[in-house]
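K.L.:
Sharing a sequence plus its predicted fold:
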Amino acid sequence: MRVAVVAGTGGSALLCELAEDGSRPDDPVHVNDLSAAVAHYERCGQVRWVWASGAASYPALLRAGQRVARCHDVALAGRLLVGRDGQARADGQPGGAVTGPAPDRAASQAAQETLFEPADAAAPDLAGLLDALVTTHADQLRRIAADEHPARFALLVAAESAGGLVAAEMTSAGLPWRADVHDSLLAGLLGPRPPSVPAGARPARLAELAAQIDEAFGGRRVNPDSPGQLIRAFAADGVRVPSTRFSVLRDVDHPAARLLIEYKELARLHAANGWAWLDSWVSGGRFRPEYVVGGVVSGRWASRGGGALQIPKVLRRAVVADPGWVLVVADAAQLEPRVLAALAGDRAFAEAAAGGDLYLALAGAFGGDRAKAKVALLSAMYGGAGGEAGQLLGVLRRRFPLASQYVESAAQAGQEGHVVRSVLGRTCPPPSAQWRSLTEESGDPESSRDPGAGAASRARGRFTRNFVVQASAADWALVLLAGLRRRLAMISIPNGDVGAGPPTQSRDPAAAWAQGPHLVFFQHDEVIVHCPEPVVEPVLAAIREVGEEAGRLVFGATPVRFPLTTAVVNCYADAK
DNA sequence: GGTCGGGGCGCG
DNA sequence: AAAGCGCGCCCCGACC
């Protein structure tokens, strides 16, 4: 059953049960306590909540201690559909439509605008919002059903919506983070925490390195954070460097180069994940970033604040399970090449991907050299062709023609300005107007074409080449995540067996759902479950099952396996 | 005083 | 010569 919901003020809401096609047979019901109403429906059986945006609605429910099992997130679904159908343009020009404009879009367009325009917070027109929600949702169901592969697209919408639930829950639960461990890590590398005044004071080790760098430039004062100043300082010593990035400095013969490499590494840690980061982002033993579901065009997540998806490996030492709990870290091994194998239906390739080390299985085609197999595959997926890669690509093309053709035709489509789609139907953005005008063939073949046109065209080819793989891998990961979330919720905790339990001050007392094993991190092809020790086994079993299930749901019958490596650890740093 | 693009680098 | 994809965040320096 689907139930549409719009939240009112003070925990109230307007609800309405929907028919299968999304139509509304009954009048809406006003409830004073939404979380109680949600609890009631969740107890009674299978309900899918239809709401405008989980990111907007779900955190309040979680704060009230209430979880939902399933939802249809109209905002997330709408983005997937807009990506597929192209944005209708007011000027009547085609907007990159894939399947042509749907008839009678005007009404649903108006409903959507009502739904997402800023409402009057003091006196929201709940009935109007619910109408708009129900109309938009029904329109979405029709458009999903009209997809070339409706079941796949419906799976994508369901998984994306579930992603919205996971994201809110992970923010609420937080990633266990030991501020004391982080602090001593920083102190060990940078020196003790400098006093907050004067602001911007360098920690001891950085100040020392900066002084040594000045000295290495013969006493010239140089700001080591300024690439421009550094390039000029090197030039003054007769060393010409095109930039000051690591790969350049590594090969520079000057006493400052080595110091700069060390300085940059530590300065980066200090700036991005130093004490200021710790103060802003970690509280009560938890790091609580905000995740942006579908924030990357490929369907990968992005994050807002705290750089949650770029936590440096050295800081994994600070990610420690609560007493009586462990971290179960699961990582999809060689996900993207396996996804390519499944996408392309290349039999020889797929059989190599049936298990174990994929690159090793393919090494035979490359004279037994695993490293060469890896370079060839990464080049095929990323569009690299420099150096040795070109020749290895030739080998790949001969031995695994279908896998090669799959990415080649995606690249060609992109170069020609077309869009491409992931296995479940996420669509890449169309080229910009600027790209179109740049790459357009001029009517006069003799007139010189913009020299940037070829480069722009090839760049888009690399983007679409990579998109089909990266976005399909994201499809798989999202389905995995949704399935794992569902399974974790079904694991019950042996009563009173949860060790000392987590420090109570670090946990939201209402978060009863976080008393059991729950997701605390998701990074593209890797998840972390914070898990009470007594239920490690069922959690590992759930991970095994869901890995199988995700491959089957997303790719259907394929010999390709998507193995998950798991580690049960107290500290994230020990997982690899 | 603020914004914005580029350089650089963290993650996958 | 350009040079493998996708992000977020920091700092700098140019600019308003």
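P.N.:
Happy to help now that I have it.
K.L.:
and stretch A:558-573, how far from the chain's centre?
P.N.:
Distance, stretch centre to chain centre, for stretch A:558-573: 18 Å (C-alpha atoms, centre = their mean, to the nearest Å).
K.L.:
I meant stretch A:110-127, not that one.
P.N.:
Centroid displacement of stretch A:110-127 relative to its chain, using C-alpha atoms, centre = their mean, is 29 Å.
K.L.:
Stretch A:294-311 too?
P.N.:
5 Å.
K.L.:
In what element of secondary structure is A:Glu17 found?
P.N.:
According to DSSP states H and E, A:Glu17 maps onto strand A:13-18.
K.L.:
neighbouring strands for that strand, and are they parallel or not?
P.N.:
Strand pairing for strand A:13-18, determined by DSSP bridges: strand A:2-7 (antiparallel), strand A:29-31 (antiparallel).
K.L.:
Can you tell me which of those is packed in deepest?
P.N.:
Of the strands paired with strand A:13-18, the one with the most neighbours on average (mean count of other C-beta atoms under 10 Å) is strand A:2-7, at a mean of 23. Backbone N, C-alpha and C define where each C-beta goes, glycine included.
K.L.:
Relative to the whole chain's centre, how far out is it?
P.N.:
Its chain's C-alpha centre and that of strand A:2-7 lie 27 Å apart, by C-alpha atoms, centre = their mean.
K.L.:
quick check: mean pLDDT across it?
P.N.:
Strand A:2-7 shows a mean pLDDT of 96.
K.L.:
Phi and psi next, for A:Pro538.
P.N.:
The phi and psi values for A:Pro538, taken as degrees, to the nearest 10, are phi -60, psi -30.
K.L.:
ok, now A:Arg300?
P.N.:
Per-residue torsions, A:Arg300: phi -60, psi 160 (degrees, to the nearest 10).
K.L.:
just to revisit the earlier point, make CSV from the strands paired with strand A:13-18 and add distance to DNA strand C to it.
P.N.:
CSV is the format used below for the strands paired with strand A:13-18 (distance: least, C-beta to the nearest atom of the strand, whole Å):
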stretch, distance to DNA strand C
strand A:2-7, 27
strand A:29-31, 36
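K.L.:
out of the ones you listed, nearest to A:Leu553?
P.N.:
Closest to A:Leu553 of the strands paired with strand A:13-18, according to C-beta to C-beta: strand A:2-7, at 20.9 Å.
K.L.:
What residues does chain A have near DNA strand B?
P.N.:
Counting by C-beta under 7 Å from any atom of the strand, the residues of chain A close to DNA strand B are A:227, A:243-247, A:249, A:264-265, A:268, A:272, A:307, A:309-314, A:470, A:523-526.
K.L.:
Which of the residues you listed fall in strands?
P.N.:
The strands, defined by DSSP state E, take in A:Glu526 from the residues of chain A next to DNA strand B.
K.L.:
Give me the buried entries from the residues of chain A next to DNA strand B.
P.N.:
A:Thr244, A:Leu249, A:Lys264, A:Leu309, A:Ile311, A:Gln470, A:Gln523, A:His524, A:Asp525, A:Glu526 (16 or more other C-beta atoms under 10 Å).
K.L.:
Near DNA strand C, list only the ones from these.
P.N.:
Near DNA strand C, by the rule C-beta under 7 Å from any atom of the strand, you find A:Leu309, A:Gln470 out of those.
K.L.:
circling back: so for the strand holding A:Glu17, what's the average pLDDT?
P.N.:
For strand A:13-18, the per-residue pLDDT averages 96.
K.L.:
one step back: got TSV for the buried ones among the residues of chain A next to DNA strand B, with distance to A:Phe153 and pLDDT too?
P.N.:
Formatted as TSV, these follow (distance: C-beta to C-beta, whole Å; pLDDT from 0 to 100):
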residue	distance to A:Phe153	pLDDT
A:Thr244	47	92
A:Leu249	48	91
A:Lys264	45	92
A:Leu309	26	89
A:Ile311	33	89
A:Gln470	19	93
A:Gln523	25	92
A:His524	22	92
A:Asp525	23	93
A:Glu526	26	94
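K.L.:
residue ranges with poor pLDDT in the stretch 451-576 of chain A?
P.N.:
A:451, A:495-511 (pLDDT under 70).
K.L.:
can you map out the helices along the stretch 351-500 of chain A?
P.N.:
Listed in chain order, the helices of the stretch 351-500 of chain A (DSSP state H, counting those that start in this stretch) span A:358-362, A:370-382, A:389-399, A:401-415, A:433-439, A:451-489.
K.L.:
so where's chain A uncertain?
P.N.:
Judged by pLDDT under 70, chain A has its weakly predicted residues at A:87-104, A:197-199, A:441-449, A:451, A:495-511.
K.L.:
quick one: stretch A:148-160 to chain centroid distance?
P.N.:
Computed by C-alpha atoms, centre = their mean, the chain-centroid distance of stretch A:148-160 equals 18 Å.
K.L.:
export that stretch as PDB, just CAs?
P.N.:
Listed next in PDB are the C-alpha coordinates belonging to stretch A:148-160 (Å, rounded to 0.1, in the frame of the first residue of the first chain):
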ATOM      1  CA  GLU A 148      11.900   1.200 -22.200                       C
ATOM      2  CA  HIS A 149      12.600  -1.100 -19.300                       C
ATOM      3  CA  PRO A 150       9.900  -0.300 -16.700                       C
ATOM      4  CA  ALA A 151      11.000  -2.900 -14.200                       C
ATOM      5  CA  ARG A 152      14.500  -1.700 -14.200                       C
ATOM      6  CA  PHE A 153      13.600   1.900 -13.900                       C
ATOM      7  CA  ALA A 154      11.200   1.200 -11.100                       C
ATOM      8  CA  LEU A 155      14.000  -0.600  -9.300                       C
ATOM      9  CA  LEU A 156      16.200   2.500  -9.800                       C
ATOM     10  CA  VAL A 157      13.500   4.800  -8.300                       C
ATOM     11  CA  ALA A 158      13.000   2.400  -5.400                       C
ATOM     12  CA  ALA A 159      16.700   2.100  -4.700                       C
ATOM     13  CA  GLU A 160      17.300   5.900  -5.000                       C
END
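K.L.:
Is A:Gly11 in a helix, a strand, or coil?
P.N.:
For A:Gly11, the assignment made with DSSP: H, G, I helix; E, B strand; the rest coil gives coil.
K.L.:
Pick the one among the buried ones among the residues of chain A next to DNA strand B closest to A:Leu185.
P.N.:
A:Ile311 (12.4 Å).
K.L.:
hang on, isn't the closest one packed against A:Leu269?
P.N.:
No: in this structure, A:Ile311 is not within contact of A:Leu269 by C-beta atoms under 8 Å, at 11.2 Å.
K.L.:
can you list the helices of the stretch 351-500 of chain A in TSV and add distance to A:Asp26?
P.N.:
Output for the helices of the stretch 351-500 of chain A, formatted as TSV (distance: least, C-beta to C-beta, whole Å):
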stretch	distance to A:Asp26
helix A:358-362	53
helix A:370-382	51
helix A:389-399	59
helix A:401-415	47
helix A:433-439	47
helix A:451-489	29
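K.L.:
of all the buried ones among the residues of chain A next to DNA strand B, which comes closest to A:Glu169?
P.N.:
Among these, and counting by C-beta to C-beta, the member closest to A:Glu169 is A:Gln523, at 15.8 Å.
K.L.:
That's all I had, so thanks and see you.
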